[in-house]
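> coordinates only, sequence not included:
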């Protein structure tokens, strides 16, 4: 079922008038990924990148260096080692010497802006195909099936009604929220305008 309308009519003075109408429709809603990266930081002391996931990753996939893409100044940063600890992954770049590693992180750190962030134009990070311990793939959205239900009841039927002479009419070619004139009827307090239903004391 995609869309359903149910109506009910009642007889008033030998004519049928709408008494009840309901709308029921189903739809799919895209939800945020269950598994994602929350933050990527630089550990200058350990000379590595620290990736913080929102959930613990599955170890085998998180240790696959091909699933990480780090680029500095357009060049890919190769990894020599990956360490996993709960929700954290420490990525160690591959360098020939300690001096080369120190020089790299010193230069990278110098590209921080006023917000203490490194501009994406100089450094980029992407991760793919890693799954968490529940089997959810990184950054993959999920979809949920939902139903929307609305119903309206007619509380009064007025077969013979004349338009008010001293009030403005709503303009039918404009949305109802565009400064349309609204005049409450004299018996407004006796009407039920929305749910939950009124409590009636007998």
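Nice, I can see it. Since the model is a prediction, treat every value here as computed from it, not as a measurement.
> what ranges does the chain have for its helices?
59-62, 98-109 (DSSP state H).
> residue 130 is nearest to which of these?
Closest to residue 130 of the helices of the chain, according to Cβ to Cβ: helix 59-62, at 4.7 Å. Glycine gets a C-beta too; all of them are placed from N, C-alpha and C.
> can you list the buried residues in the closest one?
Under the neighbour-count criterion of 16 or more other Cβ atoms under 10 Å, helix 59-62 has residue 62 buried.
> output the contacting helices and strands for it.
strand 79-85 (3 or more Cβ pairs under 8 Å, 6 or more residues apart in numbering; DSSP states H and E).
> name the strands paired with the strand it packs on and say parallel or antiparallel.
Strand 79-85 pairs in its sheet with strand 88-93 (antiparallel), by DSSP bridges.
> turn the helices of the chain into a markdown table, columns for mean pLDDT and distance to residue 158.
What follows is those, written out as a markdown table (pLDDT from 0 to 100; distance: least, Cβ to Cβ, whole Å):
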| stretch | mean pLDDT | distance to residue 158 |
| --- | --- | --- |
| helix 59-62 | 94 | 68 |
| helix 98-109 | 89 | 75 |
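> which one of those helices lies closest to residue 91?
Residue 91 lies closest to helix 59-62 among the helices of the chain, at 10.2 Å (Cβ to Cβ).
> list the contacts of the nearest residue to residue 25 once chain neighbours are set aside.
Of all residues not flanking residue 25 in the chain, residue 3 sits nearest, at 4.5 Å (Cβ to Cβ, 6 or more residues apart in numbering). By Cβ atoms under 8 Å, 6 or more residues apart in numbering, residue 3 lies in contact with 23, 24, 25, 26.
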